[in-house]
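K.L.:
missing the sequence, but the structure's below:
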């Protein structure tokens, strides 16, 4: 039987701002990487172009690969693109809310949300986020449900019908619904949805009690609106890709990478969970290798063409943002913790005309026109142009030789726009561009380390993205990481990381169960667990907690059934978000129980909260006199997917089989004769000391003086200071 029919492949594709990446893996742990320019106007095109490029490395065509694939996964930027572009590709929507609260999504909550630090400083001058739904298409209806979930003002159904008709007359393509306290009692939202379905069966409808049943109306309303806003374009894209895959012989479901760190079938995935899902694939890869190496903590640093993303994997696994910001909007959709700044290979270097100082970023040349050296019409010097001028990046081996870089154009632009105005040598100016961007990324990493309380001396650092390996020695300098891990597929690591993710869904429901006047020790400030009696608290509070958990489990069971899994295959992890009574913000606490039925159960919840609070804020910050409020409960459901990586045998320290030659590279103000090696020819055990350049098909590793790179059994490069 031919090899092609016996081998099963998996394919994962990740859209980036500049490139679309693909990784093809087989059952033996081998992998092949491919890249394509991202085509924002047609993501279907670059999806298949990236796969074709990877298949070409195997000497195969799409038709030779796709019929033999068991899994194909996709991380898409479509939803993010629609928001960033100000609605290009998004539908015309209407919004129905509680009368008197029509301006809630217009007013917003944080004026500086999503702004870069420079603009955020001048918050008075900052424009508020542009409303996705303009005020004339936001309508209020008479109804009111209170904090307890009791109906105070019945829903005026005749008014609802008039309101829906008004929106339909405006030719809206979808209607979002968000009412006050609907996450406690969704009866009014459900009724409005029924009326919309009755009056306009073909008009899309999304209600907040289904999309984001959590407290704080602005993030809840925006999640509902965005889910509807990107839903139809996303559905269209996924259907196009799925149909094309089927035509070419792929017979299994298309899996979609989500911002919660897991995979879901394309027909089940919720649109809002695809936002910012690409970089989260890198986090999944970091977690996979962290466990493989036996480390408890790891950080990932992804320097691509447009942005620099930092992720952190703590001992307990992924952390979720409470209210993430997407573009300029706060939302309530579960999303892994991710820190992003505008710093990448495409970041533009510019001179402030007032202070006459050099700046780099956050504006990017993106994929079109791209850096000047690409020869696609770019006119602004970028970090990649500086790397080319310094001879760090090969001119004839970029993208495996598919694209020859134009060094003279980059040199002329940096000379004209940076060096001459600042009266600098052109090579010193190029190195200054690199130093500034490295300093910007280093400052972001310092901020994340300080904010999360990370001990970097016990933490692995992963460097990936197309530009990460060329700059990681510099932006990590002085931060205390013992090792930097550079995967051989660094440029496509987010796509590779997605292949290590599990099937996963995360749900959050606000329940507002509060337990006031809990007995506590005034000396230790801890609750006195021996005196806790569940009978002293209103039954309604206990019922709310239990009903919320049951609601989460019902949603999980329905989604996992749609994914094709039985209950016995699903792993469930529960959390609560709790705070002391009177506080404004809650903390997430893992909990070992899913029902509150006894005093002992309540003691367990209280103990979990206290331990997490002390870990976060120290015991001196405890304020037990307010009792404990359980604001929300969360459930993460997952099914473990098979993962395959094969360690290779030790060959030896001598890297001469990968030797390509030498060339002059500009380091620290001088030209240095530098050894050059080919990445795909390195073998397990090889050791390379700086100064050195390691050239891959789609990335370049820069090894400065004082650093050493060794190749481990997984072909990862381990960079350490000598």
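P.N.:
Thanks, I have it. Treat the numbers as computed from the prediction; the structure is a model and nothing was measured.

K.L.:
residue ranges of the strands in the stretch 151-300 of the chain, please?
P.N.:
When secondary structure is read from DSSP state E, counting those that start in this stretch, the stretch 151-300 of the chain shows strands at 151-153, 174-178, 204-207, 254-257, 263-265, 297-303.

K.L.:
What is the first one packed up against?
P.N.:
The reference is to strand 151-153. strand 144-145 (3 or more Cβ pairs under 8 Å, 6 or more residues apart in numbering; DSSP states H and E). Backbone N, C-alpha and C define where each C-beta goes, glycine included.

K.L.:
how far does the strand it packs on sit from the chain's center?
P.N.:
Using Cα atoms, centre = their mean, to the nearest Å, we find the averaged C-alpha position of strand 144-145 to lie 36 Å away from the chain's own average C-alpha position.

K.L.:
what lines up beside it in the sheet?
P.N.:
Each strand pairing with strand 144-145, determined using DSSP bridges, is listed with its direction: strand 151-153 (antiparallel).

K.L.:
Residue 156 against residue 142, yeah?
P.N.:
Yes: using Cβ atoms under 8 Å, residue 156 is in contact with residue 142, at 4.1 Å.

K.L.:
what residue ranges in the chain are flagged as low confidence?
P.N.:
Low-confidence segments of the chain, defined by pLDDT under 70, are located at 1-6, 85-89, 117.

K.L.:
Which residue ranges make up the domains of it?
P.N.:
The chain breaks down into these structural domains: 3-82+235-274, 90-221, 293-344+437-499, 354-359+374-434, 503-639, 662-721 (assignment by automatic domain parsing).

K.L.:
can you redo those domains as a markdown table with distance to residue 647 and mean neighbour count?
P.N.:
Conversion of those to a markdown table gives the following (distance: least, Cβ to Cβ, whole Å; neighbours: other Cβ atoms under 10 Å):
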| stretch | distance to residue 647 | mean neighbour count |
| --- | --- | --- |
| domain 3-82+235-274 | 8 | 20 |
| domain 90-221 | 43 | 18 |
| domain 293-344+437-499 | 12 | 22 |
| domain 354-359+374-434 | 26 | 19 |
| domain 503-639 | 26 | 17 |
| domain 662-721 | 4 | 18 |
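
K.L.:
now the helices for the stretch 151-300 of the chain?
P.N.:
Listed in chain order, the helices of the stretch 151-300 of the chain (DSSP state H, counting those that start in this stretch) span residues 157-169, 187-199, 208-211, 217-247, 277-293.

K.L.:
can you put the ones you listed in a markdown table and add distance to residue 254?
P.N.:
Rendered in a markdown table, the data for the helices of the stretch 151-300 of the chain read as follows (distance: least, Cβ to Cβ, whole Å):
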| stretch | distance to residue 254 |
| --- | --- |
| helix 157-169 | 33 |
| helix 187-199 | 28 |
| helix 208-211 | 22 |
| helix 217-247 | 5 |
| helix 277-293 | 14 |
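
K.L.:
Residue 366 is nearest to which of the ones you listed?
P.N.:
Nearest to residue 366 among these is helix 277-293; the distance by Cβ to Cβ comes to 14.8 Å.

K.L.:
Buried by neighbour count: which residues of the closest one qualify?
P.N.:
By 16 or more other Cβ atoms under 10 Å, the buried positions in helix 277-293 come out as 277-290.

K.L.:
Now for residue 365, how many residues are close by?
P.N.:
Residue 365 has 28 neighbours, counted by other Cβ atoms under 10 Å.

K.L.:
Could you double-check that residue 493 sits in contact with residue 288?
P.N.:
No: Residue 493 lies out of contact with residue 288 (Cβ under 8 Å); the separation is 10.7 Å.

K.L.:
which residues in the stretch 1-150 of the chain form helices?
P.N.:
Assignment of helices within the stretch 1-150 of the chain using DSSP H, counting those that start in this stretch yields the ranges 3-6, 43-57, 62-65, 78-84, 104-107, 117-121.

K.L.:
tell me what the longest one is packed against?
P.N.:
Using 3+ Cβ pairs under 8 Å, 6+ apart, the elements in contact with helix 43-57 are strand 9-15, strand 19-26, strand 31-37, helix 62-65, helix 217-247.

K.L.:
On the three-state scheme, residue 359 is what?
P.N.:
On the three-state scheme (DSSP: H, G, I helix; E, B strand; the rest coil), residue 359 is labelled strand.

K.L.:
Now do the contacts for it.
P.N.:
Contact analysis of residue 359 by Cβ atoms under 8 Å, 6 or more residues apart in numbering lists 349-352, 436.

K.L.:
And the helices of the stretch 151-300 of the chain: which comes nearest residue 681?
P.N.:
Comparing these against residue 681 with Cβ to Cβ, the closest turns out to be helix 277-293 (22.2 Å).

K.L.:
For that closest one, what is the distance to the chain centroid?
P.N.:
Offset of helix 277-293 from its chain centre (Cα atoms, centre = their mean): 11 Å.

K.L.:
and it, what does it pack onto?
P.N.:
In terms of contacts (3+ Cβ pairs under 8 Å, 6+ apart), helix 277-293 is packed against strand 9-15, strand 69-75, strand 254-257, strand 297-303, strand 308-313, strand 335-336, strand 459-464, helix 493-499.

K.L.:
Mind checking the ones you listed for the one nearest to residue 409?
P.N.:
Closest to residue 409 of the helices and strands packed on helix 277-293 is strand 297-303 (Cβ to Cβ; 22.9 Å).

K.L.:
So which elements touch that closest one?
P.N.:
Other elements packing on strand 297-303 under the criterion 3+ Cβ pairs under 8 Å, 6+ apart are helix 277-293, strand 308-313, helix 426-452, strand 459-464, helix 468-475.

K.L.:
partners of that strand in the sheet?
P.N.:
Strand 297-303 has the following strand partners under DSSP bridges: strand 308-313 (antiparallel), strand 459-464 (parallel).

K.L.:
doesn't residue 720 fall inside a strand?
P.N.:
Yes: assessed by three-state DSSP, residue 720 belongs to a strand.

K.L.:
I figured it was touching residue 708, is that so?
P.N.:
Yes: checked against Cβ under 8 Å, the pair residue 720 and residue 708 is within contact range at 5.6 Å.
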